[in-house]
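Undergrad: Curious how this folds, go ahead:
(2 chains)
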Amino acid sequence: MSGRKGQWVLFVIFLCGSSLGKVWAEDTGLERPVRIECHDRNLGNWPVLAEGRIKPLKTHVRELFQKYFVQQCDELRESWVESYCRLSTGQRLKCQILVRADHVSVREILSKPGERAGGNFFASLSRFYAPGAVEANLFRLRNELQTEENEGRGSSGLSLSLGQTLMAYQLWQRISQGQDWTFLGQSLDWRPLREWRDEEPLADSTGRLTEAEQRGLRYEILLEDLNPLGWAMGVGVIAFLLALFSVKKIKFAALSSVAAVFLLVIETVVLVLRTAITGRAPVATMFETVFWSGVGALAVGFLLSKTKKNPVVLAIALGFNLIVLFMMKFATGMLDGNLRPLVPVLRDNFWLSTHVTTITLAYATLGLAWLTANTLLVGMTIFRQRSSLSGAWLREWNELLRLMVQIGSLLLAAGIILGGVWADYSWGRFWGWDPKETWSLIALMIYMMVLHARYAGWLREERFTMSVAAGFLSILMAWFGVNYILATGLHSYGFSVGGALFLVTVFVAQVAVIGLSFVRQRPG
Amino acid sequence: MVSLVVAVVDRLPIRRRLLGFYLVHAGIVILMFGAILTRYGGLDGELILTQGQTTDQVRFGSLHLDIERGGAGNESTPKNKELVAKFPIPDLIWPYRNENSANPSQEKHWTIQTILPFSRAVKHYQNRENSWVSDWILRGPQAVEKFELAWPGGPAVSDQGQLGPLKYQAMEWSSFQILGGSDIGVQIESISSKETIKLRSLPARIKFKDGQQGTLREIKNEKAKVSYFQWQVGDMAFSFFPRFSEWPVTDSFAPKTDAGYRLWILDSDLAGATLAMAQDPNQKLWLAYRNKDGRLVRVKASDSSGTPITLPWMELGLSLQRHLVNQIPIFDFEPTIPEKDANRNRIVVEVSTSLESQLRRIWVVEGEETRADIAGVAYYLSLQKNVEKLPVSLSLNDFRMATNPGTDEAASFESTVTVFEKGGFSPPSRERIFMNHPLKKDGYTFYQASYFPDGFGGYGSVLSVNRDPGRPWKYSGSLILVIGFLIHYWLQRHSWRRHQ
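TA: All right, here's what the predicted structure looks like:
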């Protein structure tokens, strides 16, 4: 490890020596030295105006760093807020800020002409690059991007990576020129650091905000400091493991229930805080609906496992919740957790709270059914010698599955109708064959067909389980496919990268599981 | 189908436990009925309002084709356009070809050949004498740009353009040759005789091939420091302000685009960052510009063998990528699949006319008026949206838009309108319409759909207008459906508790 780090440090020092020191002095452009104590612990709580809303500086810095930059520290360390502060005010940074460059060709463009990226294997693997020689690199990136667009490759992976690195560079330039950090002046106007007048001191301007804004700020600082989602991940893993053990050893059941309730409390805190900060129901973006589905699935699963005295259901519900938490943590290209102001049509609290919560709860319940069905299928494929027991056991599980699908499809139907009523109220048309509407209707039809076929006796227990598992693919199409694969229509609020790969993976895996069960069925 | 339904109904037992089942399916049927009512009895269009304007016209998405005749060449004014044919454009499904559709107009010489709801413009190169097309690449420290230039310019490719502060134009070789000279050149074109005459000195008597003759003179008004050109032909006089427009202007200083003449100044100035391109008799392309010290530089672009020509501004380098001789680009349209691209979603109609001896096919694009000169008569073809009159008129008093602080994104937008009901029984009322808060009047509902910049710094409002007779049926059907679900589950609850 240290060898690799040593090579990385060498590479960085090599770049340092070339142009960085000069670049900092040249590019800050501030005429007067600015007096801000960057190591002030309270600095992160100062309010800034960015992306259309007031937020704490630590949130703004976190959002930027997670998306565009990485810190490279040697012996001295500093927080992200400190780095941002020092970069904005022209002070010397303790750690180096590197700029994101995902595509290998982009890294090649950023190195000096005639020189390969990094000069060693590990540096060429790294996805971040020191922003040296900003002007020259900006020109090279823009040039390359323009050439790609001129030749019709505007949406290739290289173009996207070029665009992202270009944005990172431009952002770095903005910050170092004092254009990004905004302050609220005495005359209640927001100005960036660069345009600040000497007479007013640069300080925490929270006192100048309105009551509502101060409250929102306090809640957001609380959300940042508590980091409940981090805790949720830890508790979720523990609860899931406990629930798994409780299937075999009943003594773990009480513990797993307690852990599940604790997890629900933490997640409720997140929901409440997000509502308090934004003033609206926490279900407006893809990130929020996915989170709400996790909470809903856990709540429904918990209730079901208690009423049916079935610990496996709790394990499955915790599993669903854990999948959701992992997606929120790692699939940040697909799901963006940043709080942002909404487009005007979503700003109706009543319909947002009813339609979206209902539909997402439907997705959650059907997702629970999906996981249960898959657990059954995988279990039966693995423990095939126990298939002789499967008669009554399978029937009992099928009843539970049918219950879940029934509740889910009721919620789905109600949610679709509420969506139609909202659309009628906002735009004057109840149903417009929008991709999202159409796919959710297709999903409802599929589940109705499965239930009707089960009722009519056309589907036996195993086939029913397989159908429930397969049916969820239409829900995934309605939920994610419309936004990430089709990306059209009135519902394209949550478009982002990486979704198509996720969907294809799930689809292939599901088909494999069903295929294996099919094969297992035939000799038996 | 009917017998199946009747058989099912006849065999259905009436049982209490099936109440939920009946309610759900009854709800579905009622919902469908409401949907049918909406489809055939409803109305859905948009109302476009600008500040201070009153309108009662609803525009729909469906189109019709208008063909207007404008009289011969240079005599007509826009008021004289007469409607010659009007075709409704039906909503087509794939494969979209509409050969020899019904011709519900008196003019029998026009046929709609093809209707393409989704199309892609394909550039073809057609042979034409005395024309050329060129592709250029401009490279600089901050930009790489491509542009295409053709002579003579047409709808597909222009003969002039601008990239930032840099202007470029193509011209005839004779005009190119007099560049840099001290003579003022003037060029007058007669559309009817399709002829262009260049002059170096004025006043001059001009005679066109079709017999028109007149006098062209320059009139200078020393007090107002204005000079313009007057073309007197017969008993008509046209005034040209070539730096404003190549068309003659009316008394209210509006360009008369239906006059039969155009006039340009052959700029021997090439002031500022301007490039001139022309093709010499040996079919080589030349480039001209003024150096930093004011001297005119002429460079043969065709021979630069790949190395870019260095321009004196902004360290720009220009290189000729392609040069086609005796060809002009024209647009042809071919059908494509729908894609998220505004240009592809414009409806394109191909119209053929038998007014000339040879069958002529004309493409008409939604949103653009196409002019076709056929046998000396100017025809104007355009696709217009169908409109209907409402029983109410709306006038936009105010449009407000709130933005998210520090950004340009719309946070919310609203219109304040005054509603006048026709029939005059109720006084006009003032209403506010904004997102999620529509206005209901006379069975019509008005929603704030969108907005647009009105060109004067303000905004116009787009309201969505809707009349939905099926609404109560759809809502009650939905409610019965959901209640049916719940009742069904409630009646069925024992089957859930069976295996404990």
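
Undergrad: Run through the bridge partners of the residue in the stretch 151-300 of chain B positioned nearest to chain A.
TA: The stretch 151-300 of chain B approaches chain A most closely through B:Leu163 (12.6 Å), counting by C-beta to the nearest C-beta. Every residue, glycine included, has its C-beta placed from N, CA and C. With beta bridges defined as DSSP bridges, B:Leu163 has these partners: B:Leu166.

Undergrad: burial count for it?
TA: 17 (other C-beta atoms under 10 Å in any protein chain shown).

Undergrad: Where in chain A is the helix or strand with the lowest mean pLDDT?
TA: For chain A, counting by mean pLDDT, DSSP states H and E, helix A:21-28 ranks last in confidence among helices and strands (a mean of 35).

Undergrad: next SSE after that helix?
TA: Tracing the chain past helix A:21-28, the next element assigned as helix or strand by DSSP states H and E is strand A:47-50.

Undergrad: quick one: strands adjacent to that next one?
TA: In the sheet, strand A:47-50 lines up against strand A:53-56 (antiparallel) (DSSP bridges).

Undergrad: Next up, the contacts around the residue of the stretch 151-300 of chain B closest to chain A.
TA: Contact partners of B:Leu163, counting by C-beta atoms under 8 Å, 6 or more residues apart in numbering or on different chains, are B:138, B:145, B:147.

Undergrad: if you set the cut-off to 10 Å instead, what comes out?
TA: For B:Leu163, the residues meeting the contact criterion (C-beta atoms under 10 Å, 6 or more residues apart in numbering or on different chains) are B:136, B:138, B:140, B:143, B:145-147, B:273, B:275, B:316.

Undergrad: Just the buried ones from the residues you listed?
TA: Among the contacts of B:Leu163, those scoring as buried are B:136, B:138, B:140, B:145, B:147, B:273, B:275, B:316 (criterion: 16 or more other C-beta atoms under 10 Å in any protein chain shown).

Undergrad: so what's residue 349 up against?
TA: You didn't pick a chain, so chain A it is. The neighbours of A:Asn349, taking C-beta under 10 Å, 6+ apart as the test, are A:279-281, B:436.

Undergrad: Switch to chain B, please.
TA: Residues counted as contacts of B:Val349 (C-beta under 10 Å, 6+ apart) are B:63, B:65, B:87, B:89, B:98, B:112-116, B:119, B:333, B:362-366, B:370, B:381, B:383.

Undergrad: what secondary structure does the closest residue to it other than its chain neighbours sit in?
TA: The shortest distance from B:Val349 to any residue that is not its chain neighbour, by C-beta to C-beta, 6 or more residues apart in numbering or on different chains, is 4.8 Å, and that residue is B:Val364. Look at B:Val364: counting by DSSP: H, G, I helix; E, B strand; the rest coil, its state is strand.

Undergrad: Quick check: next helix or strand after the longest helix seen in chain B?
TA: The single longest helix within chain B, with elements called by DSSP state H, is helix B:19-41. Stepping forward along the backbone from helix B:19-41, the first helix or strand reached (DSSP H and E) is strand B:43-49.

Undergrad: correct me, but A:Ser105 touches A:Glu144?
TA: Yes. The pair A:Ser105 and A:Glu144 passes the contact test of C-beta atoms under 10 Å, sitting 8.3 Å apart.

Undergrad: So for the two, which sits in the more crowded spot?
TA: A:Glu144 (19 against 14).

Undergrad: got a list of what the more buried one touches?
TA: For A:Glu144, the contacting residues are A:105-106, A:109, A:158-159, A:162, A:165-166, B:144, by C-beta under 10 Å, 6+ apart.

Undergrad: Let me see the confidence value for the residue of the stretch 151-300 of chain B closest to chain A.
TA: If you check B:Leu163, the pLDDT there is 79.

Undergrad: roughly how far apart are it and B:Val392?
TA: B:Leu163 sits 48 Å away from B:Val392 when distances are taken as C-beta to C-beta, to the nearest Å.

Undergrad: quick one on the thing from earlier: okay, buried residues for the longest helix of chain B please.
TA: For helix B:19-41, the buried set under the neighbour-count rule, 16+ other C-beta under 10 Å, comprises B:20-24, B:27, B:30-31, B:34-35, B:37-38.

Undergrad: Can you narrow the residues you listed down to the ones near chain A?
TA: Near chain A, judged by C-beta under 10 Å from any C-beta of the partner chain, the entries from these are B:24, B:27, B:31, B:34-35, B:38.

Undergrad: related to what we said a few turns ago, now tabulate the buried residues of helix B:19-41 in a markdown table and tack on pLDDT.
TA: Formatted as a markdown table, the entries for the buried residues of helix B:19-41 read as follows, by pLDDT from 0 to 100:
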| residue | pLDDT |
| --- | --- |
| B:Gly20 | 89 |
| B:Phe21 | 89 |
| B:Tyr22 | 90 |
| B:Leu23 | 93 |
| B:Val24 | 93 |
| B:Gly27 | 94 |
| B:Ile30 | 95 |
| B:Leu31 | 94 |
| B:Gly34 | 93 |
| B:Ala35 | 91 |
| B:Leu37 | 91 |
| B:Thr38 | 88 |
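
Undergrad: Now distance to A:Gln173 too, for those residues, in TSV please.
TA: Converted to TSV, the buried residues of helix B:19-41 look like this (distance: C-beta to C-beta, whole Å):
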residue	distance to A:Gln173
B:Gly20	65
B:Phe21	67
B:Tyr22	69
B:Leu23	65
B:Val24	61
B:Gly27	60
B:Ile30	62
B:Leu31	57
B:Gly34	58
B:Ala35	55
B:Leu37	60
B:Thr38	54
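
Undergrad: now, which of those residues sits nearest A:Arg463?
TA: Nearest to A:Arg463 out of the buried residues of helix B:19-41 is B:Phe21 (C-beta to C-beta; 23.2 Å).

Undergrad: Was I right to think that closest one contacts B:Ile28?
TA: No. At 11.2 Å, B:Phe21 does not count as touching B:Ile28 under the criterion of C-beta under 10 Å.

Undergrad: Spit out the residues that contact the two alike.
TA: Residues touching both B:Phe21 and B:Ile28 (C-beta under 10 Å, 6+ apart) are B:Gly484.

Undergrad: what's the most centrally placed residue in chain A in contact with, if anything?
TA: The central residue of chain A, meaning the one whose C-alpha is nearest the mean C-alpha position (C-alpha atoms, centre = their mean), is A:Leu335 at 2.9 Å. Remark: with contacts taken as C-beta under 10 Å, 6+ apart, A:Leu335 is in contact with A:285-291, A:324, A:327-329, A:480, A:494, A:496, A:498-499.

Undergrad: Where does pLDDT dip in chain A?
TA: When residues are selected by pLDDT under 70, those of chain A lie in A:1-34, A:111-134, A:150-156, A:198-199, A:345, A:384-390, A:487-498, A:521-524.

Undergrad: Please apply the same query to the stretch 51-200 of chain B.
TA: When the per-residue scores of the stretch 51-200 of chain B are filtered using pLDDT under 70, the ranges that remain are B:71-80, B:91-108, B:142, B:154-155, B:180-184.

Undergrad: Give me the spatial nearest neighbour of the residue in it that chain A sits nearest to, chain neighbours excluded.
TA: Using C-beta to the nearest C-beta, the point where the stretch 51-200 of chain B gets nearest to chain A is B:Val144, with a distance of 4.5 Å. In space, and not counting its chain neighbours, B:Val144 is closest to A:Gln146: 4.5 Å by C-beta to C-beta, 6+ apart.

Undergrad: Nothing else from me, thank you.
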